[in-house]
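Asker: Mind folding the following:
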Amino acid sequence: MVGTSNVVGQQNKPQKTSPLLYEENFEKSEKLKGLHKQFATPHAFEVVTEPVFEGKYAGKFELRYGDPRATKSGRRSEILFPQVEEKERWYAFSVFFPKDGYADDEDSEIISQWHNCCGTPTLSLRNVNGRLNLRVGHDRKLKGRYWQNFDFGPVKKDNWMRYVFHIIHSDGPDGLVEVWRDGEKLVSYQGPNMEKGNDLPRWKVGIYKSTWDEKATKVSLRKIYFDLIKLAGPSATLEDLL
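Answerer: Predicted coordinates:
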């Protein structure tokens, strides 16, 4: 009877609800389910077997100079997530920059962004001449005080890097941006991080190179790989996203 009682007790014990709202590891038959795909060419996105961060597959995102616009606002190879419903969110992805296909360029491009208004995103992770840079802004009327930049150092080519973001989206002082790379904390920023007086942002992952809308740069190809993309709610922890 004691054994039976224990079993019943275990069955009635509440199960912990997963904080994950979305996970894409490219292993399922249906890829990028529920996301808006901003691809203008067949080469813009492809599921590949190498390199991979975990499992058997990863996603390759590719943009070439001269590709048609994927949206009215520019040439890109990106996936767009639904608008967040709560201010606090966790985001994560693993990214791989290949030596063959991702030469350094003095002109920047965005590989992840949170966009809640018009024009340039107020929160974005960018590659600038071979260095990753987190750019945080808010009320564009502030002009010179609008942007803060955090240098993440040189891009490590042909290596997977795991990024985790904990963000409280806000146009006020309660805003928060925390960033980890491979478990090491890089940023802890407090303050506004979205355009003032607008809706909560939408998250994007991929490649957006705005300069190619107007002119060429010294490179003509951007190719990067993503794997194990996660989106989680406020109850998540760092360990849930690693």
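
Asker: which parts of the longest strand along the chain are buried?
Answerer: The longest strand of the chain (DSSP state E) is strand 221-232. By 16 or more other C-beta atoms under 10 Å, the buried positions in strand 221-232 come out as 222-232. All C-beta spots, glycine's among them, are computed from the backbone N, C-alpha and C.

Asker: Could you point out the helix or strand that follows it?
Answerer: Remark: after strand 221-232, the chain's next helix or strand is helix 238-241, criterion DSSP states H and E.

Asker: Need the contact partners of that following helix.
Answerer: Helix 238-241 is contacted from outside by 19-20, 90-92, 164, 166, 180, 183, 230, 232, using C-beta atoms under 8 Å, 6 or more residues apart in numbering.

Asker: Quick one: buried ones out of those?
Answerer: 19, 90-92, 164, 166, 180, 230, 232.

Asker: just to revisit the earlier point, go through the buried residues of strand 221-232 and say which is closest to Val48.
Answerer: Tyr225 (7.1 Å; C-beta to C-beta).

Asker: Tell me who's in contact with that closest one.
Answerer: 48, 51, 58-61, 95-96, 98.

Asker: Just the ones of these in strands?
Answerer: Going by DSSP E, the strands hold 48, 58-61, 95-96 from those.

Asker: Okay, angle between the one helix or strand Arg126 maps to and strand 221-232 too, please.
Answerer: Here Arg126, judged by DSSP H and E, is contained in strand 123-128. With axes from the mean of the first three to the mean of the last three C-alpha atoms, to 10 degrees applied, the angle from strand 123-128 to strand 221-232 works out at 150 degrees.

Asker: Relative to Gln190, how far out is Pro98?
Answerer: 35 Å (C-beta to C-beta, to the nearest Å).

Asker: isn't there a strand covering Leu142?
Answerer: No - Leu142: not assigned to a strand; according to DSSP: H, G, I helix; E, B strand; the rest coil it is helix.

Asker: tally of neighbours for His43?
Answerer: 16 (other C-beta atoms under 10 Å).
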